[in-house]
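*Asks:* Have a look at this fold, sequence not included:
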């Protein structure tokens, strides 16, 4: 089974940037799609961005034009470049590996992103 480890979170001022990494190890069977999700306090977890094995991407409307998801197959890593960050982007960010962005899968442990002045 695949194991996922997120990194790159932290505290950033509004308008700043962060790049999150999701590194995979172990068997990647069934890992046709990788998504970045976030969960803010008191809110449901939501899909932020996803990428499939063939490179198709999708984004939540709230992050279009600001976030970019990409993958480096040689490093078994998926990245989320986050620019023009807003306080509303504050959340724990998780990556998930699955057959479908909206189905069950394997989750990482999460990384905190805080956008505040």
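*Replies:* All right, it came through fine. Everything numeric in this text was worked out from a predicted model, so none of it was measured. Residues are numbered from 1 along each chain as shown.

*Asks:* who touches residue 102 in this structure?
*Replies:* For residue 102, the contact set (C-beta atoms under 8 Å, 6 or more residues apart in numbering) comprises residue 47. In this view, the C-beta of every residue, glycine as well, is placed from N, C-alpha and C.

*Asks:* And stretch 57-71, how far out from the chain middle?
*Replies:* 10 Å (C-alpha atoms, centre = their mean, to the nearest Å).

*Asks:* Just the buried residues of it, please?
*Replies:* Neighbour counts over stretch 57-71 (16 or more other C-beta atoms under 10 Å) mark 59, 63, 67, 68, 69, 71 as buried.

*Asks:* pretty sure the last one is touching residue 35, no?
*Replies:* No. With the criterion set as C-beta atoms under 8 Å, residue 71 and residue 35 do not qualify as a contacting pair; they are 11.5 Å apart.

*Asks:* need the buried residues of stretch 57-71 in TSV with pLDDT, distance to residue 48 and secondary structure, can you?
*Replies:* Below are the buried residues of stretch 57-71 laid out as TSV (pLDDT from 0 to 100; distance: C-beta to C-beta, whole Å; DSSP: H, G, I helix; E, B strand; the rest coil):
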residue	pLDDT	distance to residue 48	secondary structure
59	98	7	strand
63	98	6	coil
67	98	7	strand
68	98	11	strand
69	98	8	strand
71	92	15	strand
